[in-house]
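Engineer: Any chance you can model this:
(2 chains)
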Protein chains: 2
Amino acid sequence: MDAPPLHPDVAALAPLLGTWVGEGRGEYPTIETFDYREEITFGHAGKPFLAYTQRTRATDDGRSLHAESGYLRVPAPGRIELVLAHPTGVTEIDEGSLAEIDGVIAIDVASSTIGLTTTAKIVTVIERSFRVDGDVLAYTVRMSAVGQPLQHHLGATLHRR
Amino acid sequence: MDAPPLHPDVAALAPLLGTWVGEGRGEYPTIETFDYREEITFGHAGKPFLAYTQRTRATDDGRSLHAESGYLRVPAPGRIELVLAHPTGVTEIDEGSLAEIDGVIAIDVASSTIGLTTTAKIVTVIERSFRVDGDVLAYTVRMSAVGQPLQHHLGATLHRR
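Structural biologist: From the prediction side, this is the model:
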């Protein structure tokens, strides 16, 4: 398969393309704080979206923790949509802003629709921020879930591999 | 990375594991009927879910058409949950039955929650059926979208690669 050129609708996301590895920490009132290693890949197929996959492993023993997959869309300049599936039985649609400020890509989104399977834990709000500065990608996730107010849940810093 | 053993919760889905390739046809009142080539992969990481990715290309000129990704869960024997993201700005949670009848795996699900980004086309109901008989996987998708009643949209037959 030839690698097609990046679709112009997602040209502003070109700095995300590739594979990123790094470490993060998760915390929430209902669980013990945990450290994780993460790999994130953003790819494309010449269509007006990027494909996103993510996997985390526990820093202490390397066991698999979480995974996510989905897509990023840029419906208009400065706007971004995330369309995600979680193996925990959660789907997530986030919408928000995409900006470049002094060479740093800034993505700030909040959930507009969260879907839950019958057996999933209740997640009600997710907010995500990404900053991509050259070969460094940092993100945070805020979440309201299982009756807890919206608060910091995840933070990680990754480097381009 | 060592390949971990399949999690017992998803043992009934073992016949799906691997990569499948084949051809299908899509039709809907609002579009021209189209033929496609498809590759589907079901994988696992030792956790209680399978990861699912799918890609289709037009049979006539090989251009990329659709993609989907997500996860399959078996919350109880005989039950299955699909948690999917589409680059068209749609998330899909389907729930239904998982059975083995004369050696054929039968999965029949219907959407319980569909999420849409602000710019996505309106999809209101999705029903999916899969049949896995040895090295043959066949599926159909029924859909209600853009004001049309629930009806056949996709059908494909794939073979284990």
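Engineer: Tell me where the model's unsure across chain A.
Structural biologist: A:1-2 (pLDDT under 70).
Engineer: Enumerate the residues of it near chain B.
Structural biologist: A:4, A:45-47, A:49, A:51, A:53, A:55, A:64, A:67, A:69-71, A:73, A:75, A:81, A:83-87, A:89-93, A:95, A:112-119 (CB under 8 Å from any CB of the partner chain). (Each C-beta comes from the backbone N, C-alpha and C, glycine too.)
Engineer: Distance check, residue A:14 against residue B:31.
Structural biologist: Residue A:14 is 31 Å from residue B:31, where distance means CB to CB, to the nearest Å.
Engineer: Same check on residue A:9?
Structural biologist: Here the criterion is CB to CB. By it, residue A:9 lies 21 Å from residue B:31.
Engineer: which one of these two has more residues nearby?
Structural biologist: With neighbours defined as other CB atoms under 10 Å in any protein chain shown, residue A:9 and residue B:31 compare such that residue A:9 has more, 15 against 10.
Engineer: just checking, that one touches residue A:72?
Structural biologist: No - Residue A:9 lies out of contact with residue A:72 (CB atoms under 8 Å); the separation is 10.7 Å.
Engineer: ok, the residue nearest to the spatial centre of chain A - contacts?
Structural biologist: In chain A, the residue lying closest to the centroid (CA atoms, centre = their mean) is residue A:128, at 7.1 Å. Neighbouring residues of residue A:128 by CB atoms under 8 Å, 6 or more residues apart in numbering or on different chains: A:82, A:94, A:107, A:108, A:109, A:110, A:139, A:140, A:141, A:142.
Engineer: can we see that at 7 Å?
Structural biologist: If you count contacts by CB atoms under 7 Å, 6 or more residues apart in numbering or on different chains, residue A:128 has them with A:94, A:109, A:139, A:141.
Engineer: Ok, residue A:100 next?
Structural biologist: Residues in contact with residue A:100 (CB under 7 Å, 6+ apart): none are found.
Engineer: For it, give its distance to residue A:139.
Structural biologist: Where residue A:139 is concerned, residue A:100 sits at a distance of 16 Å (CB to CB).
Engineer: do the same with residue A:43
Structural biologist: For residue A:43, the distance to residue A:139 - CB to CB - is 18 Å.
Engineer: The two: who's more crowded?
Structural biologist: Neighbours were counted for residue A:43 and for residue A:139 using other CB under 10 Å; residue A:139 has more, 21 against 13.
Engineer: Identify the bridge partners of the more buried one.
Structural biologist: residue A:130, residue A:156 (DSSP bridges).
Engineer: Pull up the gap between it and chain B, please.
Structural biologist: Counting by CB to the nearest CB, to the nearest Å, the gap from residue A:139 to chain B is 18 Å.
Engineer: Which stretches in chain A count as helices?
Structural biologist: Under the criterion DSSP state H, chain A carries no helices.
Engineer: So which residues of chain A form strands?
Structural biologist: Per DSSP state E, chain A carries strands over the ranges A:18-28, A:31-43, A:50-58, A:64-73, A:79-86, A:90-101, A:104-116, A:123-133, A:136-145, A:151-160.
Engineer: want to throw those strands into a markdown table with distance to residue B:20?
Structural biologist: Below are these laid out as a markdown table (distance: least, CB to CB, whole Å):
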| stretch | distance to residue B:20 |
| --- | --- |
| strand A:18-28 | 25 |
| strand A:31-43 | 21 |
| strand A:50-58 | 19 |
| strand A:64-73 | 18 |
| strand A:79-86 | 19 |
| strand A:90-101 | 24 |
| strand A:104-116 | 26 |
| strand A:123-133 | 31 |
| strand A:136-145 | 33 |
| strand A:151-160 | 32 |
